[in-house]
Each structure stands twice: as C-alpha cells, then as structure tokens.
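Peer 1: give me a 3D structure for the following:
(2 chains)
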Amino acid sequence: MRLGMKVRQLASIAAATAAIAFVSGTAAKAQNCSVWLVESSRFMKVPFGAFMPDRAFVPGSTNPNNNIPTVDLPANYGVIKCGTDLILYDTGWKAQEYLKMTGSEHWASGPDQLKVLGFSPGDVTKIVIGHGHWDHAGQIMDYPNAVLYVQKQELQGIEWALSYPEKHIRAINSDPGGCNRTPACGYMPLTMQEIYGKVLNGKAVVVDGQMEIAPGVIIHPAFRAHTAGSQLLEVPTSVGKLVFGSDAYSSYEGIRDWMVANIQQTDSVQQFLAYEQCYKITGGYENCVSAHEPLAYTDKYPLTKNSWVALNGGRMAEIALAPGEKSRKP
Amino acid sequence: MIGVPGFRPVLLISALVVVAAAAVVAWRYELRPTSTQQAVAATPERSEPRALTPEEETYAAALWEIQRQVTVSAVAMSYAGIAYETDKHDVHVLEQKLEPLAKFFAEAEPRVRGLTVPPSLSKVHDEYLEAVVLYRKASNEMLAFTKDGERRHLVDAQGMGVTASEDLLRAGEVLWPGQYKPH
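Peer 2: Here you go, the predicted model:
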C-alpha cells in the first residue's frame, strides 16, 4: 500500500516534471543567431557543365546559361552562434601534404579560420554535417567538444552501398582516377574514421528525420537530395530564417533557376523538393545558403555580399548578427 | 687635393646607379614575394601530379587492385564500429562484420609485401604497407573487444584507423592524384 502510494507520488512528480519540461521546451523562444559563411577552400576551373549540366559550355554560344566554360567553386561551411551554442554546419576539409587536391586553392584550416572570427575550436558545441562527403565532413576531430549530428539514413546509405554485391554500385574508389558518382563515392576512409571517433567517444547524435537542436535551429531531412541522408539546417536570424543546404543546395543560381547541381548520389526530384523546402521555410530563394555557389561572396549572391578576404585568400561573409553581437568583419 | 671628376667617370657612376636602381625596382616588383604569393605559400603547395615512369605505373596498377578493396574494407570497418555503437550493441553482429575484414587485411599484407617496388617508390610502398598493417591490427583489436568487452580495444583501433587512413592518402597523393574529386 505504502509502496503503491510512493509509486503514484513518483509518477505524479515525473508527470508534472515532464509537463513543465514540455511546456518550457515548446515555449522556449527561438532567438536570433549570428551567422558567418566561411570558405574552406576553392576548387578552381571546374567545367561548368560538370557542376550544373544545364550550364554546360557551348563554344560560340551567346546564351548566358551556356557561355561560361569553367567556374571556381568555393567549399563553404557555416559558423552559427546561438546564445551559448557555437554550431558549425559542415566542416570543410583538411588539406595536408597527403591531400592537396589537385586544382584547389585558398585552403585554410577550420580552427585557424574560427580564430579569425574570434572563436576557438574548443568553443564549438555542435557540428551538423549536411552529408558525409570528405569535403564537407573533414576536420571533425579538430573540434574536441563538439557533438556531431548525422542522419541515420546517411550511415545506412553507406552500408547499403558497401554491402551491395556489384562492385560498381559499392565502389568507393574502384577505378583508377576516382569513383565518380557511385553510391559510396566521396566517403573516404579518413572521414569515416573521424565520424566513428565522434560516435565512439559519445559525441554523436544519430538523427532520424527532423530535430530541433537549439531553440528555432532545426535539422530537416533532405534524403537523396545529394546523398542518402542529406540534411538541411534552419536558423533564425535578424534577416529572416536561413536554410543551410550543404550540397542539397550546391548552387544559389540552381535554386533560383530550378536547375540541378552537383549530382553525385542525387535524386534530382528530391533535390528540387529540398529547394522547395527552402522556399517554404524562408519565403523565397535568397536565404538559401549554398555550399559551392561560384557567385558567393559577391553582390550577385546578395546574402553573402558582406564579405572579406581572410586567411590565404579564402573568403568569409558576415550574414547576420544577433542583438548585441559585435561584428567580426575587419 | 680633391679634383673634380672628369665626364667619363661621372657617366660610368651614373650608369651604375641607374642599373642598381633598376635592380632594386625589379626586386621590389618582380622578384620579392608579394603578399598574395606569401599567402599561397602558407598552405600546402598546389599539387601538380608527377608523371610516373612505366616501371612506377606498373607498380601503381598492381597496388590499385589491392587498394580498391582496402578502401572499401576500411570504410566497412568504421561503419561496423558505428553500427555497433548506434544500434543494439550486439557483439555477435559486430564480430560477424569484422571477421571477413580482419581476414582480408591479413591476406592483403603479404600481397603488398610481394609487389615489385621501384626504388623511387620505396617510401610510398613503406607507407602503404604500414597502413595495411595498421588496419589489420585495428581489425584484430576490434575483434578482441568482441571477446573481452574492453573498450580500450576500440579506442586503440580507432586511433590506428586514423593513422592508416592518412597513410593511404599519402601514398595515393603520389600514385593516384585526383582520386578524390570535389563532391
């Protein structure tokens, strides 16, 4: 009898606590975040048609969609400060003497770039990777305190490809010169070891769909918009809601003009649905944050025009500041 | 007595001054590194692939047959660890995933050792061999965890896996530059 009462009391307390937590959780007002865009490196002179098939160069053409032979593609990641949280959306990649990437320039290390913005690597509390490819999910180990957010679908997609019996499907690097667009291509062993390191150390959250990771900061699934488990990140700011898209939104012009971009493991319909998701959340295309837009850091991609040149010629842009946040632009 | 110099010495001195000034200007504007050049030098040099000799090409092609399986197996090993941590913590499933990988790495090691290595690629070969040895040890460490449950095996294995993966990239930078493309 006494035990029963105690259990009921505990249950009541637990229910009340849960109710308070629920109410306070849902009532937690989304605060505006400060946002910077940082160029990890730049892939130089990429044939435009290899990036966006609809923009393939046609010699002699006067059509503005087809008269540009090559483009320089930045590899961008987001630095997002929301209250006490410092969140990275993607982490760029790590050029070393063993990974110089032919044709890439202006690389600087993520931790050094954060210092330029006045942060230290230890300040990073969360890392959301838009997908697990090597040029977006590198340097993870350089942020020791950060919790990694990766979609379950992304990991399962890699396993599916690895387990598939036909070598061209499961290829990671099965042909001289690279693996091109086979399903497990882009996940180099080092990147996977870094992701595993976070998981092993209890510093990873495997997300299954949508998740709010801070007030108003919401992960949205964009499965197969670039890879099996691509994910977007909605961020509230003083200039409206932003949606970071990693390679689901490789190109700002692609979102604006409804053209696919950076087709790797992309289902083009799903990529368009990811574009649409940004239109729905932000009310248009101007606040969709692209990972490889050639026009980034210029007036032609207005969201990113408040920019400057930082380490090694790499560029940064200050997109939005929260109330009381100081400008980091030199 | 200090005499006034004649016309020819003055002309000679003037010419020397002009040459020296031109040299200074040239140094400042042409030879001295500009800030941009200095900035570029701050990162690893841009990779310009070196053409391999026919002997080196033969080695690279033979090693690629092993490499294509090594990369897949290395990623599969990481994934096995991730799946164990994020799924049901089933050591039997982990063991089932690891056993063929450990067997592969054990067999890959003598295959790599058995290749004919051009002297110019001996360092690359040693790095690659170290990678395969480390992957073999890592897979065995993870299997040891499935036997005794000691998590230090997993931590050690993950460290080995990182080093091995870096070694793979070092060798690949010479043998298969551009194998990873912008994604």
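Peer 1: where exactly do the helices run in chain B?
Peer 2: Remark: helices assigned in chain B by DSSP state H are B:7-26, B:35-41, B:54-86, B:91-113, B:122-148, B:152-175.
Peer 1: got those as JSON lines, with mean pLDDT and mean neighbour count columns?
Peer 2: Glycine gets a C-beta too; all of them are placed from N, C-alpha and C. Shown next, in JSON lines, are those (pLDDT from 0 to 100; neighbours: other C-beta atoms under 10 Å in any protein chain shown):
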{"stretch": "helix B:7-26", "mean pLDDT": "52", "mean neighbour count": "10"}
{"stretch": "helix B:35-41", "mean pLDDT": "34", "mean neighbour count": "12"}
{"stretch": "helix B:54-86", "mean pLDDT": "94", "mean neighbour count": "20"}
{"stretch": "helix B:91-113", "mean pLDDT": "98", "mean neighbour count": "16"}
{"stretch": "helix B:122-148", "mean pLDDT": "97", "mean neighbour count": "20"}
{"stretch": "helix B:152-175", "mean pLDDT": "94", "mean neighbour count": "21"}
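Peer 1: now render those helices as TSV, adding distance to residue A:248.
Peer 2: Converted to TSV, the helices of chain B look like this (distance: least, C-beta to C-beta, whole Å):
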stretch	distance to residue A:248
helix B:7-26	51
helix B:35-41	32
helix B:54-86	22
helix B:91-113	30
helix B:122-148	33
helix B:152-175	26
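Peer 1: do you know which of those lies nearest residue A:235?
Peer 2: Among these, helix B:54-86 comes nearest to residue A:235, with 26.0 Å by C-beta to C-beta.
Peer 1: and the closest one, what does it pack against?
Peer 2: helix A:152-163, helix A:189-200, helix B:91-113, helix B:122-148, helix B:152-175 (3 or more C-beta pairs under 8 Å, 6 or more residues apart in numbering or on different chains; DSSP states H and E).
Peer 1: please identify which of those helices is closest to residue B:64.
Peer 2: Nearest to residue B:64, of all the helices and strands packed on helix B:54-86, is helix B:152-175, at 7.7 Å by C-beta to C-beta.
Peer 1: by contact count, what packs against the closest one?
Peer 2: Secondary-structure packing of helix B:152-175 (3+ C-beta pairs under 8 Å, 6+ apart): helix A:189-200, helix B:54-86, helix B:122-148.
Peer 1: so which residues of chain A form helices?
Peer 2: Under the criterion DSSP H, helices of chain A are mapped to A:2-27, A:48-51, A:110-116, A:152-163, A:167-170, A:189-200, A:252-257, A:268-282.
Peer 1: right, and the helices and strands packed on helix B:54-86 - which one's nearest residue A:115?
Peer 2: Among the helices and strands packed on helix B:54-86, the nearest to residue A:115 by C-beta to C-beta is helix A:189-200 (20.9 Å).
Peer 1: what's the angle from the closest one to helix A:152-163?
Peer 2: Helix A:189-200 runs at 130 degrees relative to helix A:152-163, counting by axes from the mean of the first three to the mean of the last three C-alpha atoms, to 10 degrees.
Peer 1: using CSV, list the CA coordinates for helix A:189-200.
Peer 2: C-alpha atoms of helix A:189-200 as CSV (Å, rounded to 0.1, in the frame of the first residue of the first chain):
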residue,chain,number,x,y,z
PRO,A,189,38.3,6.1,-45.0
LEU,A,190,39.7,9.1,-43.1
THR,A,191,36.3,10.9,-43.0
MET,A,192,34.6,7.7,-41.8
GLN,A,193,37.2,7.2,-39.1
GLU,A,194,36.6,10.7,-37.9
ILE,A,195,32.9,10.2,-37.7
TYR,A,196,33.4,6.9,-36.0
GLY,A,197,35.7,8.7,-33.5
LYS,A,198,32.9,11.0,-32.5
VAL,A,199,30.4,8.1,-32.2
LEU,A,200,32.9,6.1,-30.1
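Peer 1: that one: how far from the chain's middle?
Peer 2: Distance of helix A:189-200 from its chain centroid, counting by C-alpha atoms, centre = their mean, to the nearest Å, is 17 Å.
Peer 1: touching chain B at all, that helix?
Peer 2: Yes. Counting by C-beta under 8 Å from any C-beta of the partner chain, chain B is contacted by helix A:189-200 at A:189, A:190, A:192, A:193, A:194, A:195, A:196, A:197, A:199, A:200.
Peer 1: average pLDDT for that helix?
Peer 2: The average pLDDT for helix A:189-200 rounds to 96.
Peer 1: which other helices and strands contact that helix?
Peer 2: Counting contacts by 3+ C-beta pairs under 8 Å, 6+ apart, helix A:189-200 packs against strand A:147-151, strand A:204-207, helix B:54-86, helix B:152-175.
Peer 1: quick one: which of these is nearest residue A:278?
Peer 2: Nearest of the helices and strands packed on helix A:189-200 to residue A:278, taken as C-beta to C-beta: strand A:147-151 at 17.6 Å.
Peer 1: and the closest one, which strands flank it?
Peer 2: Using DSSP bridges, strand A:147-151 pairs in its sheet with strand A:126-128 (parallel), strand A:204-207 (parallel).
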